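1. Make a model of this:
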Amino acid sequence: MGLDTVGAVGTKVNEILNGMKDSFSWQSVVYLGLFVFVMILLVIYAGRWQKGFSVYFTLIFTIVPVAVLGTYYLSVSKTADEAFNAQKIVYVGGVFLVYFITLAILDLCNISVPKWIRVLVLLDSGLMFLIITTTEYTGLFYTKYSLSIVNDGVYLERTYGPMHSIYVYTMGIYMVVVLFSVLYSLCFKKNVPKKRAVLLLVVEGICFAAYVVEKTIDLNLALSVLSYAFAEIVFLIIIRRISLYSIRETVVDSIVAMNDDGYIALDKRLRYLGCIGNAEAVFPQLKKTRVDKKAKKDEFLRTEILPLIRDFRENGRANPVHVRRGNIFYQLTVIPLFIGKKRVGYQIRIVDDTLERKQIDMLDKFNDYLQEKVEEKTHSLRVMHDNLILSMATVVESRDNSTGGHIRRTSDCVRILIEEMKKDPECEVVKDELFCKNIIKAAPMHDLGKIAVPDAILQKPGRFEDWEFEKMKAHAAEGARIVHEILKDLDKSDNKEYRAFHELAENVAHYHHERMDGSGYPEGLIGDQIPIEARIMAIADVYDALVSKRVYKEKMSFEKADGIMMDSFGKHFDPELEKYYVAARPRLEAYYLAEDE
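-> Numbering: from 1, shown residues only. Down below sits the predicted model:
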């Protein structure tokens, strides 16, 4: 590339830079940067938008960039017509934006504006904008205009027409309405957060000051447009919490409209958000509670509501609480507060529970009466049932002249063994109190099968022949059958305690002569095949047989009987039960010594 070519390129670049310098002023750079900024605010608003937001916010965040863009075009205009057309774009904000900002502020102050007024003012704003955009033909807003350069900036010099004065008065009316509404909400409306009211007051002050300064001091800078951007920032701060206070969503409104329920809402930081439905009627204290107030700083919320929420936080649910107002009972229940799928706080639902409460009280009294009667009958039946079992066992024992008192003594031995087992925290079986109760109760039934043994064999004074012993051994299976027949109706009951006793008593009768090594009868079961209740019964049965007098033998000494017992663990008896027998041995010996006295 030659030097001439390089020089030509440099000259061209200088021409471009000089042209850009002539086209752009510091004001245009400011407006361009402001346009980028308000577009960013628009994106942020779009990201935070929710169904509960007022439509006025959307219109504000949409129109502000248009007004800023018009101001930028004005700053780079080359002719009066270009500048005037740009000024028309600016007035999109000057006319409609002020109207929407006013309605948005009134909405934030919870001040309702009748629909006909909103429509009428909107039509007035549209008419004013039409007058502005056609003023070059009518001369109603501007009678004439021209373009001038002031301090390196473009300035549209205008001579105002009669409608401009009306426009100024209209802007003044908007400002007065907004100022009065914000001050009124700050002082008298408890459902408007104080922080929100203060922020709106600041917005109104900044916009008013910007408008006055722009009209009275020639700064060659559109301060009113800058104030719109400031208003957007404040609105973003406010709408960050608007969704928390919007407890009038469609679903909630429908629920409230269909019943007399009430709701009290608090956010995650336990600040009061508001109430709807019958909440204020049930709790008049809420009428004096300001929105956004921390619950711990309000006596009613601190004493009545916070305990429910704490219970909900700790347990994942809160038991309903009832309060009484005159003859009406209300149920208070804590439920989560959601915005979409996001959990943002807590709701206390207030439901008229009077009818249900009266019905419950009536049912409780009736159930108490029935329960009392059932317990009386059940106790009588249990006593009869237990006496029947004991009587049958006594009848059987009376036929066996060699085992007098056996059923009573074995029952006591079982009880002593169970009590020693309970002292061991690692013994799982006795952790079931029902099991312990049932095995002691079932012990007298273990020899019921002897009722089927012929008297000649049962009452024989000496040792049995082999065939006689086979007859005697049949008493175990026969006993299980008899127990089953006696207790089979218990299986039809819904009472698990009855069914458990049936199974255990049948096992005790059937398997108390089984041995751990499989040499027992009637089934020849081995080890853990033998039910635990039968293994315990076997120890008590054999021990009593050893230390008691029979017609065919004298009673053994405790030392000799203990030697036989200890040698039998692992063969006849469950070795896991040996330690409990050893622990129970002093009490067993003391028991039988007392029997001899």
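
2. Just to be sure, residue 463 is in a strand?
-> No: assigned with DSSP: H, G, I helix; E, B strand; the rest coil, residue 463 falls outside any strand and is coil.

3. tell me which helix or strand of this protein sits lowest on mean pLDDT?
-> helix 3-23 (a mean of 46; mean pLDDT, DSSP states H and E).

4. Next secondary structure element downstream of it?
-> Sequence-wise, the next helix or strand downstream of helix 3-23 (DSSP states H and E) is helix 26-48.

5. how about that next one: buried residues?
-> Counting neighbours by 16 or more other C-beta atoms under 10 Å, one finds that the buried residues in helix 26-48 are 27, 28, 30, 31, 32, 34, 35, 38, 41, 42, 45. C-beta: built from backbone N, CA, C; applies to glycine.

6. And for stretch 426-436?
-> 427, 430, 435, 436.

7. Inside strands: which ones of the residues you listed?
-> Assigned to strands by DSSP state E, none of those qualify.

8. Filter those down to the ones in helices?
-> Those of those mapping onto helices are 435, 436, per DSSP state H.

9. From the buried residues of stretch 426-436, pick the one nearest residue 474.
-> residue 435 (28.1 Å; C-beta to C-beta).

10. my read: residue 101 touches residue 60, true?
-> Yes: at 6.1 Å, residue 101 and residue 60 qualify as touching, with contact defined as C-beta atoms under 8 Å.

11. which residues do these two both contact?
-> residue 231 (C-beta atoms under 8 Å, 6 or more residues apart in numbering).

12. which one of the two has more residues nearby?
-> Neighbours around residue 101 and residue 60, counted as other C-beta atoms under 10 Å, are more numerous at residue 101. The numbers are 27 against 23.

13. Can you tell me what sits against the helix or strand hosting residue 118?
-> Using DSSP H and E, residue 118 falls within helix 115-133. With C-beta under 8 Å, 6+ apart as the test, helix 115-133 has contacts from 88, 91-92, 95-96, 99, 103, 138, 140-141, 163, 166-167, 170.

14. buried ones in that helix?
-> So, applying 16+ other C-beta under 10 Å, buried residues of helix 115-133: 121, 125, 128, 129, 131, 132, 133.

15. repeat for stretch 286-305
-> For stretch 286-305, by 16+ other C-beta under 10 Å, it's 286, 289, 291, 292, 293, 295, 298, 300, 301, 304, 305.

16. And the furthest pair within those residues?
-> 292 and 304 (18.8 Å).

17. tell me what the helix or strand where residue 226 lies is packed against?
-> Using DSSP H and E, residue 226 falls within helix 223-245. Using 3 or more C-beta pairs under 8 Å, 6 or more residues apart in numbering; DSSP states H and E, the elements in contact with helix 223-245 are helix 26-48, helix 55-75, helix 98-108, helix 194-216, strand 272-277, strand 342-352.

18. Next SSE downstream of the second one?
-> Scanning forward in sequence from helix 55-75 by DSSP H and E, the next helix or strand is helix 80-92.

19. same thing with the shortest one?
-> Using DSSP H and E, the helix or strand that follows strand 272-277 towards the C-terminus is helix 279-282.

20. Check which element follows that next one along the chain.
-> helix 299-300.

21. what mean pLDDT does the helix holding residue 118 have?
-> Per-residue pLDDT over helix 115-133 has a mean of 87.

22. same check, this time on stretch 308-325
-> Mean predicted confidence for stretch 308-325 is 82.

23. Work out the gap between it and the centre of the chain.
-> Centroid separation for stretch 308-325 versus its chain: 11 Å, with C-alpha atoms, centre = their mean, to the nearest Å.

24. for stretch 71-83, same thing?
-> Worked out by C-alpha atoms, centre = their mean, stretch 71-83 lies 60 Å from the chain centre.

25. Go through that stretch and flag the buried ones.
-> For stretch 71-83, by 16+ other C-beta under 10 Å, it's 71, 72, 73, 74, 75, 76, 77, 82, 83.

26. Most widely separated two among those?
-> Across the buried residues of stretch 71-83, no pair lies farther apart than 71 and 82, at 13.3 Å, counting by C-beta to C-beta.

27. Out of the buried residues of helix 115-133, which is nearest to residue 549?
-> residue 121 (115.6 Å).

28. Would you mind measuring from the closest one to residue 127?
-> Separation of residue 121 from residue 127 (C-beta to C-beta, to the nearest Å) stands at 11 Å.

29. Show me the helices in the stretch 401-550 of the chain, by range?
-> With helices called from DSSP state H, counting those that start in this stretch, the stretch 401-550 of the chain shows them at 406-422, 433-442, 455-458, 466-487, 496-511, 532-547.

30. I'd like those helices as CSV, with mean pLDDT and distance to residue 179 appended.
-> Shown next, in CSV, are the helices of the stretch 401-550 of the chain (pLDDT from 0 to 100; distance: least, C-beta to C-beta, whole Å):
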stretch, mean pLDDT, distance to residue 179
helix 406-422, 89, 82
helix 433-442, 89, 77
helix 455-458, 70, 112
helix 466-487, 82, 89
helix 496-511, 85, 76
helix 532-547, 91, 87
